[in-house]
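Novice: pasting a predicted model and its sequence here:
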Amino acid sequence: MEKTAKELTKDILDNMRKAQQFRIIRQLPDDFEFFGGPIPFDIRIKNEIMTFTVYATSLKEANAQVDEYLNRY
């Protein structure tokens with residue numbers, strides 16, 4: 001059964017309330033390039049280390065968001 005607009009809105013708001021800020025660190029891939037399009041979070045690159053500031057409901061979700069972004073290209 002599909003959720004109503006009210007139920008979907010409640011789910012979104014609940015997730016926003018549960019979101020925390022995580023810092024995810026990755027080594028800069030040799031073939032990494034910024035391509036056009038939105039970047040869903042803050043990225044800092046220094047000395048070949050990438051630091052992502054991600055809002056998510058868990059560390060596992062934050063890591064998954066970074067992995068998904070890096071594997072797009």
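Specialist: Received the coordinates, thanks.

Novice: where are the low-confidence patches of the protein?
Specialist: With pLDDT under 70 as the threshold, the chain has low-confidence stretches at 73.

Novice: secondary structure element for the residue most central in space within the chain?
Specialist: The residue at the geometric middle of the chain, judged as the C-alpha nearest the mean C-alpha position with Cα atoms, centre = their mean, is Gln65 (3.8 Å). Element membership for Gln65, per DSSP states H and E: helix 59-70.

Novice: return the set of buried residues in that helix.
Specialist: Buried residues in helix 59-70, counted by 16 or more other Cβ atoms under 10 Å: Ala62, Asn63, Gln65, Val66. Quick note: C-beta positions are derived from backbone N, CA and C, even for glycine.

Novice: save these as CSV, and put in distance to Met1 too.
Specialist: Putting these into CSV (distance: Cβ to Cβ, whole Å) gives the following:
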residue, distance to Met1
Ala62, 31
Asn63, 32
Gln65, 28
Val66, 33
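
Novice: wait, Asp11 sits on Ala5?
Specialist: No - here Asp11 lies out of contact with Ala5, judged by Cβ atoms under 8 Å, at a distance of 10.8 Å.
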